[in-house]
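Q: got a sequence here, can you build the structure:
(one chain, ligands or ions: 1)
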Amino acid sequence: MLKVVVTGGAGFIGSAVCRHLVKDKACEVLNLDKLTYAGVPESLKEIEDSPLYRFEKADVCDKTAVAAIFADYQPDAVMHLAAESHVDRSIDGPATFIETNIVGTYTMLECARDYWNGLSEGKKERFRFHHISTDEVYGSLGDDGLFEETTPYDPRSPYSASKASSDHLVKAWFHTYGLPVVITNCSNNYGPYHFPEKLIPLVILNALDEKPLPIYGKGDNIRDWLYVEDHAKALVAVVASGELGETYNVGGRNERTNLEVVETICSILDELRPRTEGSYKDLITFVADRPGHDARYAIDATKLETELGWKAQENFDTGIRRTIQWYLDNDWWWRPIREGRYSGERLGKA
Ligand code: NAD
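A: Reported below is the predicted structural model:
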């Protein structure tokens, strides 16, 4: 059975990838995660006792630790998701974004290169380094057009600039050293186990707590939303069958303004968990816009759809309902986070 190292597997998307691979019995998985504030080991509860799953607490910037894990585990592929991922935090304090997203990816590439160079021919041929990235590297769109794989990079926040840098490093390691890499750039994800600082869980949980629902500016920024399990399936398709050196955009063709997203959540909550008086929409509060706030992101996923046969299964209207129901049913997961390290006072990213 194949073995995959997933970095950042205690995070939102990484945990979905680990659950998907282990529950499908697709391969053995080693989750390499530093457990920063965003790492939630409880997100792996469903698979933590599986013989196919193993956890190692390590920092992707720690070359000695990563090299030792590779030498011991002998992976067939690395799916590199570990990152600092919250745009607002990158504006307040970019240093950890530079360290984890750029230096961490460089360290992972060097460890992967050393490890790959030492593999036997058959295993060397099979090895893949998959870098998981964001559509935010492409900058901001006007009213028309979609991000394609050939769209020039134009990152505008410290977060997107750090992810763009890491993408460039990965491409350089392919062209310079021949490391077998694939890259994916995905739009905004949503779904179960999403850390409560991000827009969608923040709005759901603030609404349930009768707290203000903050929206940047006029709420007219547009994001292209993808259900996290669709993203996990796309990543597995790309690491298994993507062409070496290639980039694949991942998106669900579900563009919504932030205001539409928040109003949809309020309407569904009004139905599922009515307030004693009024609508949850009464809690919406417009706040000063984020500096450098990108106007619109939208992905053209044609390459992934036509070449690898992946297609998003969940549209936003069904996916958001499933997500809200999950938060209503799983306060064991989010309540300790809301009451401990993250209270919901910060704004949500979108
Ligand atoms: P997340 O913030 O939920 O999780 C990040 C995980 O990485 C956490 O478990 C954290 O503990 C771990 N981590 C952070 N620094 C580390 C380090 N130095 N060493 C080891 N582990 C470390 O992030 P996410 O939303 O799941 O995003 C995962 C990846 O997908 C990121 O690379 C992100 O850029 C990319 N991405 C995210 C989205 C999105 O909408 N969330 C969209 C496109 C791409």
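
Q: going by C-alpha atoms from here, please, whenever you check contacts or count neighbours.
A: Fine.

Q: what's the first helix or strand after the longest helix seen in the chain?
A: As assigned by DSSP state H, the longest helix anywhere in the chain is helix 158-177. Past helix 158-177, further along toward the C-terminus, the next helix or strand under DSSP states H and E is strand 181-186.

Q: each with direction, which strands does that following strand pair with?
A: With DSSP bridges as the test, strand 181-186 is paired with strand 128-134 (parallel), strand 247-250 (parallel).

Q: now check whichever helix or strand residue 235 is part of, is it near the ligand?
A: Using DSSP H and E, residue 235 maps to helix 228-241. No: shown here: helix 228-241 not in contact with the ligand (Cα under 6 Å from any ligand atom), separated by at least 8.2 Å.

Q: which helices and strands does that helix pack with?
A: Based on contacts counted as 3 or more Cα pairs under 8 Å, 6 or more residues apart in numbering; DSSP states H and E, the elements that helix 228-241 packs against are helix 12-23, strand 128-134, strand 181-186, strand 189-190, strand 247-250, helix 302-308.

Q: can I get the ones you listed in JSON lines including distance to the ligand?
A: Listed next are these as JSON lines, based on distance: least, Cα to the nearest ligand atom, whole Å:
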{"stretch": "helix 12-23", "distance to the ligand": "4"}
{"stretch": "strand 128-134", "distance to the ligand": "4"}
{"stretch": "strand 181-186", "distance to the ligand": "4"}
{"stretch": "strand 189-190", "distance to the ligand": "4"}
{"stretch": "strand 247-250", "distance to the ligand": "8"}
{"stretch": "helix 302-308", "distance to the ligand": "15"}
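
Q: do you know which of the ones you listed lies nearest residue 107?
A: Minimum separation from residue 107 across those (Cα to Cα) falls at strand 128-134, 12.6 Å.

Q: can I get the closest one as CSV, trimmed to CA atoms?
A: The C-alpha coordinates for strand 128-134 follow below in CSV (Å, rounded to 0.1, in the frame of the first residue of the first chain):
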residue,chain,number,x,y,z
ARG,A,128,5.5,13.1,-6.1
PHE,A,129,5.8,16.4,-4.2
HIS,A,130,2.4,18.1,-4.3
HIS,A,131,2.3,21.7,-3.3
ILE,A,132,-1.2,22.9,-2.2
SER,A,133,-1.7,26.6,-2.9
THR,A,134,-4.3,29.3,-3.4
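
Q: coming back round to it: what residues sit buried inside the helix holding residue 235?
A: Buried residues in helix 228-241, defined by neighbour count with 16 or more other Cα atoms under 10 Å: 228-236, 238-239.

Q: now do stretch 183-200
A: Going by 16+ other Cα under 10 Å, stretch 183-200 has these buried residues: 183-200.

Q: can you put the helices and strands packed on helix 228-241 in JSON lines and add mean pLDDT?
A: JSON lines is the format used below for the helices and strands packed on helix 228-241 (pLDDT from 0 to 100):
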{"stretch": "helix 12-23", "mean pLDDT": "98"}
{"stretch": "strand 128-134", "mean pLDDT": "98"}
{"stretch": "strand 181-186", "mean pLDDT": "98"}
{"stretch": "strand 189-190", "mean pLDDT": "98"}
{"stretch": "strand 247-250", "mean pLDDT": "98"}
{"stretch": "helix 302-308", "mean pLDDT": "98"}
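
Q: for residue 90, find the nearest of these.
A: Smallest distance to residue 90 across the helices and strands packed on helix 228-241 (Cα to Cα): 14.6 Å, for strand 128-134.
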